[in-house]
Structures are given as structure tokens and as C-alpha cells.
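> sequence first, then the predicted structure:
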Amino acid sequence: MGKNKDYEAIIEGLEFKLKQKESEIQELREKLQDKYAMLQDRIDEKKILEERVKELELKDISLKLGKLDELTNKNLKLDHRVQVTKKQLDYARNDLELQKKVIEDLENRGVLDFLLRRFPETFKEYKKT
């Protein structure tokens, strides 16, 4: 019977160690579960931050496109103003050239034309405009 008691003592010792190991395993599982939960929280936070960054980038792009549209519109208005001003300048140049020609023709008309009140064709043309 002495051997049985020795075996029982060994079995009790092994069962005690097994319970300790199971307890340690349970603690490790709980820690692992906590760490997994923390990791999942970090992953969720990262996803939220990535979405926020994308949102901000889209807003930034939208603002830049808005400014680009605004600048494009201003540029188109300035181009139009330049074209209108150019047309006005061209008209003024042509008118000035015609006036110079009229003055020249009036200065060069003869005394007879002056007395008969005959005017050059350029003067008649200028009077029409």
C-alpha cells in the first residue's frame, strides 16, 4: 500500500500543477483577450482617422478646385475685357487715321473747292460715321 500512497501523492501533486497551469493559461487567455480588444480598438481608431484624412483631403481638393474655378472665371473676364479694350483701341486708331486723312484732305483742297463749298470724299465719309 505504500506504493499506492506514493502514486496518490504524485497524482495529487500533478493535479495541483495541472490546476496551476490551467489557471496560468486562463490568465494568459484573459490577457490575450484584453490585448486583442485593445488592438481592435486601435484598428477601429485607425480606420476612423483614415476616413477623416480622406475627408479632409477631399475638402482640400474641393477648395483648390473652387479657387481654380474662381481664378479661371477671373481670367476669362480679364480676357474678355482685353478683347473689348483692343476692339475699342482698334476703332479709335482707325478713327484717328481717318481724321488725319480728312484734315490733310481739307488742308489740301483748293481755293475754288473752298469757295464752292466742295468737300473731299474723306470728309463726307467721316461725316457719315
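Yep, it's here.
> can you spell out which helices and strands pack onto the longest helix along the chain?
Assignment by DSSP state H gives helix 2-107 as the longest helix of the chain. Here helix 2-107 touches helix 121-128, going by 3 or more C-beta pairs under 8 Å, 6 or more residues apart in numbering; DSSP states H and E. C-betas here are computed from N, CA, C, even on glycine.
> give me the mean pLDDT for the helix it packs on.
The average pLDDT within helix 121-128 is 84.
> and that helix, what's buried?
For helix 121-128, a neighbour-count test (16 or more other C-beta atoms under 10 Å) marks 122-123, 126 as buried.
> again, but for stretch 31-47
So stretch 31-47, judged by 16+ other C-beta under 10 Å, has zero buried residues.
> can you find the helix or strand of the protein with the lowest average pLDDT?
helix 111-115 (a mean of 79; mean pLDDT, DSSP states H and E).
> what's the spacing between it and its chain's center?
Relative to the centre of its chain, helix 111-115 is centred 73 Å away, using C-alpha atoms, centre = their mean, to the nearest Å.
> can you pull out the residues in contact with it?
118-120 (C-beta atoms under 8 Å, 6 or more residues apart in numbering).
> before we move on, the earlier item: so which of the buried residues of helix 121-128 is the closest to Leu14?
When the buried residues of helix 121-128 are compared for distance to Leu14 (C-beta to C-beta), Tyr126 wins out at 126.4 Å.
> that closest one contacts Leu96, doesn't it?
No - using C-beta atoms under 8 Å, Tyr126 and Leu96 do not qualify as a contacting pair, with a distance of 11.3 Å.
> gap between Lys5 and Ile11?
According to C-beta to C-beta, to the nearest Å, Lys5 stands 10 Å off from Ile11.
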